[in-house]
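J.: mind folding the following:
(2 chains)
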Amino acid sequence: MQVLFEGNSVELDAKATGFDLIKKLNLPKSVIALYINEKPSDLRGIIPENASIRPIHIESPEGTEILRHSTAHIMADAVKRIFGNNVKITIGPSIEDGFYYDFDIDKPFEPSDLEKIEEEMKKIIKENLPFVREEISYENAKELFSKMGENYKLEIIEEYKDAVISIYKHGNFTDLCRGPHLPSTGYVKAFKLLSAAGAYWRGDEKNKMLQRIYGTAFPTKEMLEEYLKKLEEAKRRDHRRLGTALDLYSTTDEVGGGLIIWHPRGGFVRTQIENYWREQHFKRGYSIVYSPHIGRADLWKTSGHLDFYKENMYSPMDIDNFEYYVKPMNCPFHIQIYKSKTRSYKDLPLRYAELGTVYRYERSGVLHGLLRVRGFTQDDAHIFCTPEQLKDEVMGVVQFAVDLFRTFGFENYEAYLATRPDKAVGDPSKWEEATNSLREAAEKMNIKLNVEEKGGAFYGPKIDLKIKDSLGREWQCTTVQFDFNLPERFDISYIGTDNQKHRPYTVHRALLGSMERFFGILIEHYAGAFPVWLSPEQVIILPVSEKFNEYARKVNSVLLDNGFRSVLDIRNEKLSYKIREAELLKIPYMAVVGEKEASSNTVSVRTRGKEDLGSMPVETFINKLSESSRIPL
RNA sequence: GCCGAUGUAGCUCAGCAGGUAGAGCAACUGAUUCGUAAUCAGUAGGUCACCGGUUCGAAUCCGGUCGUCGGCUCCA
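T.: So this is what the prediction gives:
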């Protein structure tokens, strides 16, 4: 029979399998599966006549996914072998960077169990058992899995009543599975189990808590090593570790979980960010406003927060027999500013920005360093504009965000458009119009949009930007949200050219997201080594011995006079010790002063991370500092 | 919130099976006056997260509370 392999016709025996094709064409062993008529398939399967075929290499994303999925099966087999029938298997997909498998088991896994399971997996891999696919009917599948007592599988089968149900076996292990899989267990060359954790069946907390084991697998040992190294690197950059080591911020249970205490060094970085932020907002036509931390229940009733957002709000407090709530958002206050007088179309657009501190209830289990907290300062703004102005405003916001990212060292980002969910307020045609404005704005700016259908909030569509940090991880910062809800609820308006009242369009936006979260991202992005303009200290003066303290003081005050953040280390310690400490604090410049420097009015400059720039006159150093401390635009 | 792990000096951690705590670094004092990632010696520092229980006796065992860490959408 004839088949097409990558467009070329190949002659095969009838009932030939993928293996036969590989043999015939002498394909490398890295081919572990095939696209047969665009459907991922096992090598073991029989190829239909006239099939169009492409190889799947193990290193390709699809190939690695198959590898991980097969490794998940091997892990499930190992767990069954060790824990016997006390375990019920559920699902075990490949995920980004690895795989997991969820088990229903009485006793949660302990760290030592993972080692045992890994050992058993190695045995299974050594046995090189073939993965064999079988297609069976719904009834047979039901019988099979009920005999096995795998009731989770039975539940899944119900969803595939009318489809072809496939099972995969290797050795004595059988799993309901769409496939495809590796030819045999021996193809797994590098894997590692990473952690165990609880996870609800189908992710729903009303369901039973299962026990999940996470692991990963790679085509080669080297790739696995590289991945593990990346995990190490992420740990090294962890903002929680650096936050303590660099004395940036802390949390304490005396204050409460998810509440950040900013130390002087962290506070400095924040001040720099905020100052720059304000300056940029003025430049771009925003007004800076301030609003209180609490507001009366009526306000939150009108805004709808008490209807739609109450579970994230803290309990009210009683003030003179009125209920007040701590604010979870700034919008109602900004709307009040808008409402404080009659607005004309000539006033629009109005852009109110505030570094507004809000408090939201987050479940204790999701709190995470600076990234997920209960009290945080949003770099918030609300834009009130006419429908005609909307697109330009959105473009302005997106451009603003992109410019800010660049300043903070983030060159790459992804944009996501979220459209109307099923439950939403506002006229669908207006949604359409607003969504299109967002889309057109992105198009005009040449920004590729990933669309999340029905992903919008109930009150309007939005564009989110996620930045990519130096390790390639994505972090959501910017959100530009259209709002149909609040203008209605607060009944705000402007007088148009026709002398009639019109409803303004309202856009919420945050660029950096929150100061806390963005700071956390920044710490990890720079691994704590902030650029000179953000660094709490820019220079540390290190006298070689106490004899040169006086000269060190002189240099220090010259630098301070020139507006640089310079500190002195005149402790009675050896130079190398002071250098070590300055390096650990990641101070960008170290200025060493000794005999030679004192007599020639120079400093010996060393930069963070070892580079010795040698001696230079203080004037030269000042020029160098001015240059390197400039804010990147 | 749920599952699991965990909470010992400012930091990193030890403390095996219950007998009232220990190291390194940091801090302080002294000596050393030093040239690019840790000089030496000494001193001080902890109601072992908190509350309760078992016990003659609890950092250690049990229960509760709080915090922290890894997870809890990714469809066989």
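
J.: so where does the residue sitting nearest the centre point of chain A fall, helix or strand?
T.: Residue closest to the average C-alpha location in chain A (Cα atoms, centre = their mean): A:Trp475, at 3.5 Å. Assessed by DSSP states H and E, A:Trp475 sits inside strand A:474-483.

J.: after that strand, which helix or strand is next?
T.: On the C-terminal side of strand A:474-483, the closest following helix or strand by DSSP H and E is helix A:485-489.

J.: now for that following helix, which elements pack on it?
T.: Under the contact criterion of 3 or more Cβ pairs under 8 Å, 6 or more residues apart in numbering; DSSP states H and E, helix A:485-489 touches helix A:297-303, helix A:331-339, strand A:505-514. Where you see a C-beta, it was placed from the backbone N, CA and C, and this is true even at glycine.

J.: now the first one: buried residues?
T.: Same thing as helix A:297-303. Neighbour-count burial for helix A:297-303, counted by 16 or more other Cβ atoms under 10 Å, picks out A:299-300, A:302-303.

J.: which of the residues you listed sits closest to A:Val10?
T.: A:Ser303 (67.1 Å; Cβ to Cβ).

J.: can you pull out the low-pLDDT segments for the stretch 1-150 of chain A?
T.: Counting by pLDDT under 70, the stretch 1-150 of chain A has no low-confidence residues at all.

J.: can you list the residues of it near RNA strand B?
T.: Residues of the stretch 1-150 of chain A that fall close to RNA strand B, judged by Cβ under 7 Å from any atom of the strand: A:91-93, A:95-96, A:108, A:110.

J.: now the stretch 251-400 of chain A
T.: Residues of the stretch 251-400 of chain A found near RNA strand B, taking Cβ under 7 Å from any atom of the strand as the criterion, are A:251-253, A:256-258, A:363-369.

J.: now the strands for the stretch 251-400 of chain A?
T.: Listed in chain order, the strands of the stretch 251-400 of chain A (DSSP state E, counting those that start in this stretch) span A:261-262, A:287-288, A:294-296, A:317-319, A:322-326, A:343-344, A:350-359, A:375-385.

J.: would you tell me which one of those is buried the most?
T.: When these are scored by mean count of other Cβ atoms under 10 Å, the highest mean neighbour count falls to strand A:375-385 (a mean of 23).

J.: and the angle from that one to strand A:505-514?
T.: 150 degrees (axes from the mean of the first three to the mean of the last three Cα atoms, to 10 degrees).

J.: follow-up on the earlier one: select only the buried ones of the residues of the stretch 251-400 of chain A next to RNA strand B in PyMOL?
T.: Per 16+ other Cβ under 10 Å, the buried members of those correspond to this PyMOL selection:
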select buried, chain A and resi 251+258+369
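
J.: adding distance to A:Glu11 and pLDDT, write the residues of the stretch 251-400 of chain A next to RNA strand B out as a markdown table.
T.: Conversion of these to a markdown table gives the following (distance: Cβ to Cβ, whole Å; pLDDT from 0 to 100):
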| residue | distance to A:Glu11 | pLDDT |
| --- | --- | --- |
| A:Thr251 | 69 | 87 |
| A:Thr252 | 74 | 84 |
| A:Asp253 | 73 | 78 |
| A:Gly256 | 73 | 84 |
| A:Gly257 | 68 | 84 |
| A:Gly258 | 67 | 88 |
| A:Arg363 | 62 | 85 |
| A:Ser364 | 65 | 82 |
| A:Gly365 | 60 | 82 |
| A:Val366 | 59 | 85 |
| A:Leu367 | 63 | 87 |
| A:His368 | 59 | 88 |
| A:Gly369 | 61 | 89 |
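
J.: A:Lys578 reaches A:Val544, doesn't it?
T.: No: in this structure, A:Lys578 sits apart from A:Val544 without contact. The criterion is Cβ atoms under 8 Å, and the distance is 9.3 Å.

J.: hang on, the earlier thing: widest-spaced pair of the buried residues of helix A:297-303?
T.: Taking Cβ to Cβ as the measure, the buried residues of helix A:297-303 reach their widest spread between A:Trp300 and A:Thr302, a distance of 7.4 Å.

J.: common neighbours of these two, please.
T.: Residues touching both A:Trp300 and A:Thr302 (Cβ atoms under 8 Å, 6 or more residues apart in numbering): A:Pro332.

J.: residues of the stretch 401-550 of chain A that sit close to RNA strand B?
T.: Taking Cβ under 7 Å from any atom of the strand as the criterion, the contact residues of the stretch 401-550 of chain A with RNA strand B come out as A:544-547.

J.: most surrounded residue in the residues you listed?
T.: Neighbour counts for those, by other Cβ atoms under 10 Å, peak at A:Val544, which reaches 18 neighbours.

J.: what sits against that residue?
T.: A:575, A:592-595.

J.: out of those, who's nearest A:Asn330?
T.: Proximity of these to A:Asn330, judged by Cβ to Cβ, is greatest for A:Val592, which lies at 48.3 Å.

J.: right, is the helix or strand harbouring the closest one up against RNA strand B?
T.: Counting by DSSP H and E, the element that carries A:Val592 is strand A:589-593. Yes: judged by Cβ under 7 Å from any atom of the strand, strand A:589-593 comes into contact with RNA strand B at A:590, A:592-593.

J.: does A:Ala199 touch A:Lys208 like I think?
T.: No: no contact is recorded between A:Ala199 and A:Lys208 when judged using Cβ under 8 Å, the distance being 10.2 Å.

J.: compare those two and say which is more crowded by neighbours.
T.: When A:Ala199 and A:Lys208 are compared on other Cβ under 10 Å, the one with more neighbours turns out to be A:Ala199, at 19 against 12.

J.: for the more buried one, which non-adjacent residue is closest in space?
T.: A:Arg212 (4.1 Å; Cβ to Cβ, 6 or more residues apart in numbering).

J.: would that neighbour count as being in a strand?
T.: Yes: judged by DSSP: H, G, I helix; E, B strand; the rest coil, A:Arg212 forms part of a strand.
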